[in-house]
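Q: Fold the stuff below for me.
(chains A and B)
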Amino acid sequence: DSGVTQTPKHLITATGQRVTLRCSPRSGDLSVYWYQQSLDQGLQFLIHYYNGEERAKGNILERFSAQQFPDLHSELNLSSLELGDSALYFCASSAQGLTGGEQYFGPGTRLTVT
Amino acid sequence: QQQVKQSPQSLIVQKGGISIINCAYENTAFDYFPWYQQFPGKGPALLIAIRPDVSEKKEGRFTISFNKSAKQFSLHIMDSQPGDSATYFCAASIVIEGKLIFGQGTTLQVKP
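A: Numbers count the residues shown, from 1 in each chain, chains lettered A, B, ... in the order given. Take a look at the predicted model:
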């Protein structure tokens, strides 16, 4: 158990809908990273938040957005969902803040868009 | 330049054998190289990591070998066990940036 929690574990929704994925980092970790894992693209970095502020964006679609709240939990919002958005979404947290380092992954949310 | 290339895609090893997975990178600014282990239905778990100022790091049966001049690093699993059967990912990052760039993964099967 990494200490990172994610909810829900599974999510099935229809095209065009909007969903919110939630992540709670390990106690004391200020950094939260979101990654997408799909069969064709592998594990890809989406976005990084540090202590409530966005620090870096990767290959994140404009339909996707994220936030990190004062209690340090983070939410990834996916809207206007398409079939191709079906994937595993992981968050990871890091104790080293802005300087990265060891990242610990949550169990993931499996999103299925039908 | 941001890519990390991992090979082989899949690997079958007999119990007790040595499993070797290789990765290569282009970006010389990378300064942190972790390996992750992922079981089906689980998140990636940090296994071992190395910084480029050392050429080898060993933790139990797992060893990372790092060749800075060749821009390559590899994971060696000694005395491989059926419980090691999983997908292994190498990754690289620039520590100050934080984001991990992952290889495509290697599915390891250890036969009893």
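
Q: what about the closest residue to chain A within chain B, neighbour count?
A: Of all residues in chain B, B:Gly98 sits closest to chain A, at 3.3 Å by CB to the nearest CB. From N, CA and C alone the C-beta is placed, and that goes for glycine too. Per other CB atoms under 10 Å in any protein chain shown, the neighbour tally for B:Gly98 reads 24.

Q: Point out the residues in chain B that sit beside chain A.
A: Neighbours of chain A within chain B, by CB under 8 Å from any CB of the partner chain: B:32, B:34, B:36, B:42-46, B:49, B:89, B:91, B:93-105.

Q: Got a quick ChimeraX command for the buried subset of the residues you listed?
A: Selection of buried members from those for ChimeraX, criterion 16 or more other CB atoms under 10 Å in any protein chain shown:
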select /B:32,34,36,43,44,46,49,89,91,93,97,98,99,100,101,102,103,104,105
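
Q: Give me the subset of the residues of chain B next to chain A lying in strands.
A: B:Pro34, B:Tyr36, B:Ala45, B:Leu46, B:Ala49, B:Phe89, B:Ala91, B:Ile101, B:Phe102 (DSSP state E).

Q: I'd like to check which residues are in contact with the spatially closest residue to the first one that is not a sequence neighbour.
A: In this structure, B:Pro34 finds its nearest non-sequential neighbour in B:Ala49, 3.7 Å apart by CB to CB, 6 or more residues apart in numbering or on different chains. For B:Ala49, the residues meeting the contact criterion (CB atoms under 8 Å, 6 or more residues apart in numbering or on different chains) are A:Glu102, B:Tyr32, B:Phe33, B:Pro34, B:Trp35, B:Lys57, B:Ile64.

Q: Let me have the residues you listed in a markdown table, adding distance to B:Gly17 and pLDDT as columns.
A: Output for the contacts of B:Ala49, formatted as a markdown table (distance: CB to CB, whole Å; pLDDT from 0 to 100):
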| residue | distance to B:Gly17 | pLDDT |
| --- | --- | --- |
| A:Glu102 | 29 | 89 |
| B:Tyr32 | 29 | 93 |
| B:Phe33 | 24 | 96 |
| B:Pro34 | 24 | 96 |
| B:Trp35 | 18 | 97 |
| B:Lys57 | 21 | 96 |
| B:Ile64 | 18 | 97 |
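
Q: Out of these, which comes closest to A:Ala56?
A: B:Tyr32 (15.0 Å; CB to CB).

Q: In contact with that closest one, which residues?
A: Taking CB under 8 Å, 6+ apart as the test, what B:Tyr32 contacts is A:Gly100, A:Gly101, B:Ala49, B:Arg51, B:Ala92, B:Ser93, B:Ile94, B:Val95.

Q: Next, find the distance separating the residue of chain B closest to chain A from B:Ala91.
A: Distance from B:Gly98 to B:Ala91, counting by CB to CB, to the nearest Å: 12 Å.
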